[in-house]
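Colleague: Pasting a predicted model and its sequence here:
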Amino acid sequence: MELGELLRQLVFDYTLRTIVLGCALLGIANGALGAFALLRRQSLIGDSLSHAALPGVCIAFLLAGETKNPLILLIGAAISGWLGSVLAAVITQNTRIKDDAAQGIVLATFFGTGYVLLSLIQSSAGAGQAGLDKYLFGSAASLIERDVQTIAVLSIVALSVLGWFYKEFKLLAFDGEFLASLGFPRRRLELLLTSLTVIVVVVGLQIVGVILMVAMLIAPAAAARQWTNRLSAMIGISMFVGAAAGVIGAVVSALEANTPTGPAIVLALTAMVIFSFAFGAERGLVWNALRARRNRRTALAHGSDAPVYAAGD
Amino acid sequence: MELDSSLTIILVCSLVAVSGAVLGTFLVLRRMAMLSDAISHSIVFGIAAGFLVFRSLDTVPMLISSGLTGLLTVMLTELVFKTRLVKEDAAVGLVFPALFSLGVVLITRYASDIHIDIDAALVGEVIWTPFDTITLGAWEISRALVTMAILTTINLAFIVIFYKELKLATFDAALAAALGFAPGIIHYALMGLLSVTAVGAFDAVGAILFIGFVIVPPAAAYLLTERLSPMIVVAAIIGVVGSVVGYQIALVIDASVSGCMVMTLGAIFLLTLIFAPNRGLLAGWRRRRRQKWEFAVQLLTMHLLTHEGQPEEGIESSVRALPEHLNWGADFTGQIVARARASGWIAQDGDRLRLTDGGRATARSLRMGAA
Amino acid sequence: MTPNPTTNAPAIAVNDLTVAYREKPVLWDIDLQIQPGTLMGIVGPNGAGKSTLVKAILGLVKPAAGDVRIFGKPYHEQRQLVGYVPQRGSVDWDFPTSVLDVVMMGLYGKLGWGRRPGKRERALALDSLEKVGMASFASRQISQLSGGQQQRAFLARAIVQDAAIYLMDEPFVGVDATTEQAILTLLRELQHVGKTVLVVHHDLETVSEAFDEIAILNVELIAYGAMHATFTAENLRRAYGSRIMARLSMLEPASEVAPASA
């Protein structure tokens, strides 16, 4: 499909427009929160939260009946995911079991429980898998305008809170102890940040699916990190990368048959990450290799009293 | 002749449980639990690539391609980490989704005419395994059962033969390297076996729930044992119990069998977490409460000793003033004083507290013990 | 400007402070009175509780008994009077931020919730960097700093708060000679303008030159006071055990007098 046709479709085709908008917003929200998850070495929280959300979705569905209000399912997912993170913390802080195993336990057992509930809902063993498709791989194709509105509202709320507490979160991520010494409530801020992450993860589940959520959360940030050494710029680029990948993935998925949204978005993200790792302005490997070669040549040419490193290295 | 299907299911799942426990124990101890998560997911790429290369969905090609994919996942993750552009956790979270996505896309675009059920691979449904049989002599045996039996034997053999090396590599990698055991090779062998077992297991429980068998029983065993061999054995037992009980529950409530098994394992873990004799939460709370009293009494004697014979002794040993000085509540102070008196370490003289000889000796030994 | 605390109370008063970790004592019954204008080093073996003492003063750990007063009042009422320099190794220096940014973080407490650092904060931060000789590094990414430069950035972050009391945790570890000199000079300057400075120090061989007073800690407070009266073989033996004397062969008991303070 050529570009003109594509653009026209984006503007006038309700379905495509809705999908693309939803994915873009998702990318933005995840890009922002993902930066903090990456920097705080909590990248895999996206994985355990997404798997832990499943029982909550099922319970919410059972309690809410047929209302089909997307918010109810999201709330269920959020509560369940949040409980999972609390349980992982309890395990880590009170026993010899380390963080990785704790997250794995939460991930597997919550997901297993959720799957049982799902199969009960579908009320036959085989059919359980059909409904699970949507959560495993994501399905932007089923997004309707109300979903996108929900996503938009939640994203705006999350980003606003992030913006309001930006400097506190920044210091929390860099030096939480110093933050506490200044009198800020460290634990409560950590709780807030985790809660915001729960929100964006839960929002993204229906689009990218349980398995790929982790990449949706941290890949934009990982890519962005290579282009800048300033946190604010990193968050901005991360949001952009997330949105771009979301849009590309959504469009490709809509246009090509048999291409679920989740994998399409993640492949776009992966390409961007690889590109950033190689050519990122600040930390890209290609530039580092070139710089190292240049320095070696300088050192060899000028002998031992030449400065070995260029200023700023 | 064929096996009763219930028996088949139980056998298959028990074998999965044993394999998972045996391999998972080392993963949990080496803090590589999330790698099992990564490998289980990237299996999908293995299936896709294997199919495209071998043009077949037979067991052996699938095992080969998945084993290689597992190793690929681990190696790529380490490669990404070595660039130092991201940390370990991020490396894991970047590699496996990429492989997974690639696998899904390959399957849906180039193999959509062949029935590769990704859902089944990931979540599995053991109900069907008794009916997918191969013929061995006079027996019709479930394919999954044969596969898992072979894989479990290999896993057990590996653990038994290389037990010393595994133990050393897990607890002291540097020493292992110095002694000439290559911890790196052991590491990759473990990952390779894990990948291959994951594929073997997905017929029964699917890849995601396989993680449950790999991580949860060893974690529970970690809270119940203090040494490596018991930990492996207990993990295996818990895994088998979980799968048998889970299967029964699934029959009763008519739900997904693999889901019920993992849910049961979760329940067992929760019970262990709370009630484990030494390391459980309850035991920990009781111990801390007891120690809180002991500690406070010791503190009181030391406090009295420090200020004994000093000008401020009058203030520091006054019962009324103690709460303020030590920052304890008045009730708490009263109870501590009572206990100290009951132990014969202090004597109360109106408002003043005095150390007894026994109390002074105790306080002195505490002081020397601290220094 | 920092309000001058109008009180005769000691700058820091630690009373019967006891801190436990999982019911094992880390600090036991510490009594310590530090007058304003003191420049004191805290020494002790590994695990002696030195960092814990600093964190307890800052209210970062909850004591099992006892309390801490800053100029007579509880710490949480006096936060703006205390500046903290944590251990360098406690953060990941790969974080995307500049040196100036890090220094401005010291002012977050004064800014409070919701307000962003502005021109005034930038100016104060640059000033602070001048004092540690790092003004030209203001826009440098912190991962490009050497150990000594990182330490000075942390120092600048503390002194930008213009506090009355400074608590530092092992600021001399792994720094080059230039930085060591810069820090020593800075400590003296701070003392000259009446600040109280408490520093956890890792090196027994340099502690007597750097500080006027010393506290020797090993879970309990072995001794504290003026350097030449307190830094004795006897006290060190009580804290470290007798093997320490062989290691410090240069140390003469009680006859070693610190060079006259600059």
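Modeller: Cool, got the structure.

Colleague: Where does the residue nearest the centre of chain C fall, secondary structure wise?
Modeller: Centroid-nearest residue in chain C: C:Met168, 1.9 Å away (criterion: Cα atoms, centre = their mean). Assigned by DSSP states H and E, C:Met168 belongs to strand C:165-169.

Colleague: What is that strand packed up against?
Modeller: Using 3 or more Cβ pairs under 8 Å, 6 or more residues apart in numbering or on different chains; DSSP states H and E, the elements in contact with strand C:165-169 are helix C:50-57, strand C:82-85, helix C:147-159, strand C:196-200. C-beta here means a position set from N, CA and C on the backbone, and glycine is covered the same way.

Colleague: could I get these as CSV with mean neighbour count and mean pLDDT?
Modeller: Below are those laid out as CSV (neighbours: other Cβ atoms under 10 Å in any protein chain shown; pLDDT from 0 to 100):
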stretch, mean neighbour count, mean pLDDT
helix C:50-57, 23, 94
strand C:82-85, 26, 95
helix C:147-159, 24, 95
strand C:196-200, 24, 96
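
Colleague: Specify the stretch among those that is closest to chain A.
Modeller: Counting by Cβ to the nearest Cβ, chain A lies closest to strand C:82-85 out of the helices and strands packed on strand C:165-169; the figure is 4.5 Å.

Colleague: Could you list every helix and strand that that closest one packs against?
Modeller: By 3+ Cβ pairs under 8 Å, 6+ apart, strand C:82-85 packs against helix A:166-181, helix C:147-159, strand C:165-169.

Colleague: Recalculate using a threshold of 10 Å.
Modeller: Secondary-structure packing of strand C:82-85 (3 or more Cβ pairs under 10 Å, 6 or more residues apart in numbering or on different chains; DSSP states H and E): helix A:166-181, helix C:50-57, helix C:147-159, strand C:165-169, strand C:196-200.

Colleague: before we move on, back to that, for the residue nearest to the centre of chain C, report the pLDDT, please.
Modeller: Per-residue pLDDT puts C:Met168 at 96.

Colleague: Run a quick neighbour tally on A:Gln226.
Modeller: Using other Cβ atoms under 10 Å in any protein chain shown, A:Gln226 is surrounded by 25 other residues.

Colleague: coming back round to it: and the strand holding C:Met168, C-alpha only, in PDB?
Modeller: Extracted in PDB, the C-alpha atoms of strand C:165-169 (Å, rounded to 0.1, in the frame of the first residue of the first chain):
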ATOM      1  CA  ILE C 165      26.300  20.300  60.500                       C
ATOM      2  CA  TYR C 166      27.900  18.000  57.900                       C
ATOM      3  CA  LEU C 167      28.000  14.200  58.100                       C
ATOM      4  CA  MET C 168      30.200  12.400  55.700                       C
ATOM      5  CA  ASP C 169      30.700   8.700  55.200                       C
END
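
Colleague: so how far is the following helix or strand past it from its chain's centroid?
Modeller: Counting by DSSP H and E, the next helix or strand C-terminal to strand C:165-169 is helix C:177-192. In terms of Cα atoms, centre = their mean, to the nearest Å, the centre of helix C:177-192 is set 13 Å apart from its chain centre.

Colleague: Return the mean pLDDT over helix C:177-192, rounded to an integer.
Modeller: The pLDDT scores in helix C:177-192 average 92.

Colleague: neighbours around residue 138, how many?
Modeller: Using chain A. Close neighbours of A:Gly138, defined as other Cβ under 10 Å, add up to 31.

Colleague: Let me rephrase: I mean chain C.
Modeller: By the other Cβ under 10 Å criterion, the neighbourhood of C:Ala138 contains 18 residues.

Colleague: So A:Ile218 is in contact with A:Val266, correct?
Modeller: No - when contacts are counted by Cβ atoms under 10 Å, A:Ile218 is not listed as touching A:Val266 (11.3 Å).

Colleague: so what sits against both of those two?
Modeller: The contact sets of A:Ile218 and A:Val266 overlap at A:273, B:94, B:97 (Cβ atoms under 10 Å, 6 or more residues apart in numbering or on different chains).

Colleague: thinking again about what came up before, would you turn the helices and strands packed on strand C:165-169 into a markdown table with distance to A:Leu25?
Modeller: As requested, the helices and strands packed on strand C:165-169 are exported to a markdown table (distance: least, Cβ to Cβ, whole Å):
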| stretch | distance to A:Leu25 |
| --- | --- |
| helix C:50-57 | 42 |
| strand C:82-85 | 40 |
| helix C:147-159 | 37 |
| strand C:196-200 | 49 |
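
Colleague: mind checking which of those is nearest C:Ser208?
Modeller: Nearest to C:Ser208, of all these, is strand C:196-200, at 13.2 Å by Cβ to Cβ.

Colleague: ok, back up a step: what strands line up against the strand holding C:Met168, and which way round?
Modeller: Partners of strand C:165-169 in the sheet, by DSSP bridges, are strand C:82-85 (parallel), strand C:196-200 (parallel).

Colleague: Dump the helix or strand following the first one to PDB, keeping only the CA atoms.
Modeller: The helix or strand immediately downstream of strand C:82-85 is helix C:99-105, counting by DSSP H and E. Once side chains and other backbone atoms are set aside, the C-alpha atoms of helix C:99-105 remain, and they are given as PDB (Å, rounded to 0.1, in the frame of the first residue of the first chain):
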ATOM      1  CA  VAL C  99      27.400  17.100  37.800                       C
ATOM      2  CA  LEU C 100      25.400  20.300  38.200                       C
ATOM      3  CA  ASP C 101      22.200  18.400  38.300                       C
ATOM      4  CA  VAL C 102      23.600  16.200  41.100                       C
ATOM      5  CA  VAL C 103      24.600  19.200  43.100                       C
ATOM      6  CA  MET C 104      21.200  20.800  42.600                       C
ATOM      7  CA  MET C 105      19.600  17.700  44.200                       C
END
